[in-house]
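[1] below is the sequence, then the predicted model.
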Amino acid sequence: MDGVDTPQSTPETVPEGKAPPRTAEVAAYLAARMCHDFISPASAIVSGLDLLDDPSAQDMKDDAMNLISGSARKLADLLAFTRVAFGASASAETFDPRELEKLAQGVFNHMRATLEWQVEAPTVNKPAARALMNLAQMAGAALPTGGVAKVRAVAQEATIAIAVEAVGPRARLRPEVLAGLRGEPLGDGLHGHWVQAYYVHLFMGDAGGRVFADVAEEKVTFAATVPA
């Protein structure tokens, strides 16, 4: 099994000879990741508009409108999700879990996996909200052929405990995701997958929280604790 336990950045988690990425590098990787997420639906909208403008493709008008509609919804869902998962959301320090569920479900509407959400707290703070959003999305990404991402969270005295399970055939977690959760620099692999995990490592450490990942056959589990 692979696992990480990363309450904060420590020298022991960083491979010898490699330094943690600088703030500017992390910001650049996050921006690139978000652009990657947004470019597909945005390009599809443009393609649909081009079809509408093409006199020789008028028989495809309905297809073009469906492409535009579906892609616009996906783009809007991703933007709303990203504002909480990666953005500052400066106007809110606490979040209603029901609203977070809507944001997460919007992203899962465009994934093969389905979402089960059970957060037993009337409100959650910003670090917990970010953890719920990011770990839910990472669980969905761990199910490339479908399955169920189960998101659970309970308030325990001064702590919010989060458990996210990705259950399904071919459930897997990329090595760069595990490296990011450990606070390690990217080695081989894709920046977009690594930087999300590394971002979770950073904000969880800043909040005094902990995050853990475990990989088993047809199951990936994330667990986190965040001060309430």
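    Good, I have the coordinates. Residues are numbered from 1 along each chain as shown.

[2] contacting residues for residue 224?
    By Cβ atoms under 8 Å, 6 or more residues apart in numbering, the residues touching residue 224 are 131, 135, 161, 162, 204, 209, 210, 211, 212. Where you see a C-beta, it was placed from the backbone N, CA and C, and this is true even at glycine.

[3] quick check on the residue nearest to residue 201 when sequence neighbours are not counted: phi, psi?
    Ranked by Cβ to Cβ, 6 or more residues apart in numbering and with sequence neighbours excluded, the top spatial neighbour of residue 201 is residue 183, at 4.7 Å. The phi and psi values for residue 183, taken as degrees, to the nearest 10, are phi 90, psi 20.

[4] residue 183 reaches residue 197, doesn't it?
    No: Residue 183 sits out of contact with residue 197 when judged by Cβ atoms under 8 Å, with a separation of 9.4 Å.

[5] looking at these two, which is more packed in?
    Between residue 183 and residue 197, counting by other Cβ atoms under 10 Å, residue 197 is the more crowded of the two (29 against 23).

[6] chain center to the helix or strand containing that one: distance?
    For residue 197, the enclosing helix or strand under DSSP states H and E is helix 191-206. From the chain centre to the centre of helix 191-206 is a distance of 10 Å (Cα atoms, centre = their mean, to the nearest Å).

[7] what ranges do the helices span in the chain?
    With helices called from DSSP state H, the chain shows them at 23-53, 61-85, 97-108, 126-141, 175-182, 191-206.

[8] tell me the mean pLDDT for the second one?
    Translated: helix 61-85. Model confidence over helix 61-85, given as mean pLDDT, is 96.

[9] try the shortest one
    Confidence over helix 175-182, taken as the mean pLDDT, stands at 94.

[10] my guess is residue 146 contacts residue 140. True?
    No: look at residue 146 against residue 140 with Cβ under 8 Å: they stay out of range, at 10.0 Å.

[11] which one's more surrounded, the two?
    residue 140 (24 against 14).

[12] that one touches residue 151, doesn't it?
    No: taking Cβ under 8 Å as the contact criterion, residue 140 and residue 151 are not neighbours in contact, 10.1 Å apart.

[13] joint contacts of these two?
    Shared contacts of residue 140 and residue 151, defined by Cβ under 8 Å, 6+ apart, are found at residue 115.

[14] residues touching the nearest residue to residue 29 once chain neighbours are set aside, list them.
    Setting aside the residues directly before and after it, residue 29 is nearest to residue 195 in space (Cβ to Cβ, 6+ apart), at 3.8 Å. Remark: with contacts taken as Cβ under 8 Å, 6+ apart, residue 195 is in contact with 26, 29, 30, 32, 33, 180, 186.

[15] and these, which are buried?
    By the neighbour-count criterion of 16 or more other Cβ atoms under 10 Å, these include these buried positions: 29, 30, 33, 180, 186.

[16] distance to residue 107 added to these, as a markdown table?
    Below are these laid out as a markdown table (distance: Cβ to Cβ, whole Å):
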| residue | distance to residue 107 |
| --- | --- |
| 29 | 20 |
| 30 | 17 |
| 33 | 14 |
| 180 | 19 |
| 186 | 24 |
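
[17] pick the one among those closest to residue 72.
    The nearest member of the buried ones among the contacts of residue 195 to residue 72, counting by Cβ to Cβ, is residue 33 at 20.9 Å.

[18] test my guess that the closest one contacts residue 194.
    No: with contacts counted by Cβ under 8 Å, residue 33 stays clear of residue 194, the gap being 9.3 Å.
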